[in-house]
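> Next input, structure requested:
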Amino acid sequence: MAAKNNLIKTADIQVTAREIDFVTRFERNWEHLREILGIMRPIKKQPGAILKSKYAEGALADGNVGEGEEIPYSKFTVKEKEYAEMTIEKYAKAVSIESIKDHGYENAVQMTDDEFLFQLTTMVTGRFYDYLNTGTLTATEATFQMALAMAKGLVENKFKMMHRTATGVVGFVNILDVYEYIGAADITIQNQFGFQYIKDFMGFNTIFLLSEGEIQRGRIIATPVENIVLYYVDPNESDFVRAGLVYTVSGETNLIGFHTQGDYKHAVSEAFAIMGLTLFAEYIDAIAVVSMTDDTTLGTLTVTSAAGTKTGDTKVTVSPGLETGHMYKYKVAADSAPEVKYGQSVKTWKAWDGKSDITAATGQHITVAECDNTYKALKAGNDDVTAKS
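Got it, this is the predicted structure:
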């Protein structure tokens, strides 16, 4: 009696259990990480798509408007900066027949598959941590508790200013800072799929505990959940498939393609993985990077004033250069250079972009302060004004 139509036979099954297990575990890990972070489903991109970080820029126009006068517009723009191109990356490993003979299949093949999977995951998260460290929403605090609180407050305030809703905030801290702070306190630290984290701590949805290689001690990073996005390129839609290189995928959200084969010429078991996966924070200026320090010494800036381009303007230069995420504020006085102390708020001082000429008269005194995003003075310097006559 002939077999029924559409019966799946042995010859129809080309995928090994090892390949299915690998892609399933990889995607399960990322699914759990998404749940921990609280982010939405991954967004598929085409190979070659450019990821761009966004930041808002602008300033308020003068609000002192006379009766009946036209109110000037304040101009704000959202700018973009290219971050990375979505590409398919290729990886491979091989295990020799001698290694399988000496150590057994489980040790030689399965354990190296586990490490292969772990390294692929940490490569993606490592890039994300590097990117988070470049956040431009900076501040400086003296204690761990205040640094955490300020990091959360900064990103929530930023989202409010952008008229966006932050339903939760995720934090990233050095694991040694956490243990130093909590001491013997009874706090549950969860450990799943290679990630250590604390849930619902000090107002944060999740705080990830990272190594010193991922975040330096004395640094707190935070960003709203809505700012984190996972982008991926489907390996099944890449040019590799068109070229006849078929990889096993999960069949749902295809984050990775995996293929194994035996190389009889060299007597090795080969494994190949391809993926295009990027964990990304859309707004770079909605990533808070708060530093902890007990050093209250005001840093020194060398400020030099020279004649500017227009009459009544001065050209100011400052060294060393502005640190990432910091900004300049300045104040001009007639009698003596305005004084500033470490941590003093310079919010009411005038903003300066570090390059434009400043209107001031020869013989006046100018003080330039470098501050963080909470307007705390970190460095300062002054000079006598020399303006173009």
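> and residue 123, how far is that from residue 335?
59 Å (C-beta to C-beta, to the nearest Å). Backbone N, C-alpha and C define where each C-beta goes, glycine included.
> What of residue 39?
55 Å.
> So the two - more neighbours on which side?
residue 39 (18 against 7; other C-beta atoms under 10 Å).
> Summarise which helices and strands the top strand by length along the chain is packed against.
Counting by DSSP state E, the longest strand found in the chain is strand 268-281. Judged by 3 or more C-beta pairs under 8 Å, 6 or more residues apart in numbering; DSSP states H and E, strand 268-281 is in contact with helix 17-37, strand 50-59, strand 75-85, strand 89-96, helix 97-105, helix 111-132, strand 228-233, strand 256-263.
> what pairs with it, and is each one parallel or antiparallel?
If you go by DSSP bridges, strand 268-281 pairs up with strand 89-96 (antiparallel), strand 228-233 (antiparallel), strand 256-263 (antiparallel).
> List the buried residues in that strand.
268-269, 271-281 (16 or more other C-beta atoms under 10 Å).
> could you list every residue that touches residue 144?
Going by C-beta atoms under 8 Å, 6 or more residues apart in numbering, residue 144 touches 177, 180, 181, 220, 292.
> in the stretch 1-150 of the chain, what spans have low per-residue confidence?
Applying pLDDT under 70 to the stretch 1-150 of the chain picks out residues 1-15, 40, 54-63, 74-79.
> Could you rerun that using 50?
Within the stretch 1-150 of the chain, the ranges that satisfy pLDDT under 50 run 8-15.
> ends of stretch 131-149, how far apart?
Using C-alpha to C-alpha, to the nearest Å, the end-to-end distance of stretch 131-149 comes out at 22 Å.
> no wait, stretch 379-388
27 Å.
> Surely residue 282 is in contact with residue 227?
Yes: the pair residue 282 / residue 227 is scored as a contact, 5.6 Å apart, by C-beta atoms under 8 Å.
> between the two, which one's more packed in?
residue 227 (24 against 18).
> so residue 379 bridges to which residues?
Under the criterion used (DSSP bridges), residue 379 bridges to residue 299, residue 370.
> my read: it touches residue 301, true?
Yes: counting by C-beta under 8 Å, residue 379 touches residue 301, with 4.9 Å between them.
> quick one, what contacts the residue nearest in space to the middle of the chain?
Nearest to the mean C-alpha position of the chain, by C-alpha atoms, centre = their mean, lies residue 132 at 2.0 Å. Contacts for residue 132 were tallied using C-beta under 8 Å, 6+ apart; they are 172, 215, 221, 223, 281, 287, 289.
> from the residues you listed, which two are the most distant?
Across the contacts of residue 132, the longest distance by C-beta to C-beta is 14.4 Å; it joins 215 and 281.
> hmm, back to that, can I get the strands paired with strand 268-281 in a markdown table including distance to residue 19?
Shown next, in a markdown table, are the strands paired with strand 268-281 (distance: least, C-beta to C-beta, whole Å):
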| stretch | distance to residue 19 |
| --- | --- |
| strand 89-96 | 14 |
| strand 228-233 | 19 |
| strand 256-263 | 5 |
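> closest one to residue 50 among these?
Closest to residue 50 of these, according to C-beta to C-beta: strand 228-233, at 10.9 Å.
> what comes into contact with that closest one?
Here strand 228-233 makes contact (C-beta under 8 Å, 6+ apart) with 30, 34, 37, 39-40, 42-47, 49, 51, 86-88, 170, 253-255, 275-282.
> Also stretch 152-168?
So stretch 152-168 is in contact with 38, 56, 137, 139, 169, 171, 202-205, 222-227, 283, 285-288, 290, 373-374, going by C-beta under 8 Å, 6+ apart.
> And stretch 318-337, by the same measure?
Here stretch 318-337 has contacts from 134-138, 289, 301-304, 316, 338, 346-347, 349-354, 358, 360, 363-373, 375, 377-378, 381-383, 385, using C-beta under 8 Å, 6+ apart.
> Give me the buried entries from those.
Buried, going by 16+ other C-beta under 10 Å: 135-138, 289, 301, 303, 316, 338, 346, 349, 352, 358, 360, 364-373, 375, 377-378, 381-383, 385, out of those.
> which of the residues in stretch 296-309 are buried?
298, 301, 303, 305, 307, 308.
> Reformat the residues you listed as a markdown table; add pLDDT and secondary structure.
Output for the buried residues of stretch 296-309, formatted as a markdown table (pLDDT from 0 to 100; DSSP: H, G, I helix; E, B strand; the rest coil):
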| residue | pLDDT | secondary structure |
| --- | --- | --- |
| 298 | 92 | coil |
| 301 | 96 | coil |
| 303 | 96 | strand |
| 305 | 95 | strand |
| 307 | 94 | strand |
| 308 | 93 | coil |
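> that older thread, for the buried residues of strand 268-281, which one is nearest residue 117?
residue 273 (8.5 Å).
> burial of the nearest residue to that closest one once chain neighbours are set aside, as a residue count?
For residue 273, ignoring the flanking residues on the chain, the nearest one in space by C-beta to C-beta, 6 or more residues apart in numbering is residue 91 at 4.6 Å. Burial of residue 91 is recorded as 15 neighbouring residues (other C-beta under 10 Å).
> hang on, residue 91 packs against residue 270?
No: using C-beta under 8 Å, residue 91 is not in contact with residue 270; the gap is 11.4 Å.
> and for the two, which residues touch both?
By C-beta under 8 Å, 6+ apart, no residue touches both residue 91 and residue 270.
> Now do the SS call for the closest residue to residue 99 other than its chain neighbours.
In this structure, residue 99 finds its nearest non-sequential neighbour in residue 108, 4.4 Å apart by C-beta to C-beta, 6+ apart. For residue 108, the assignment made with DSSP: H, G, I helix; E, B strand; the rest coil gives helix.
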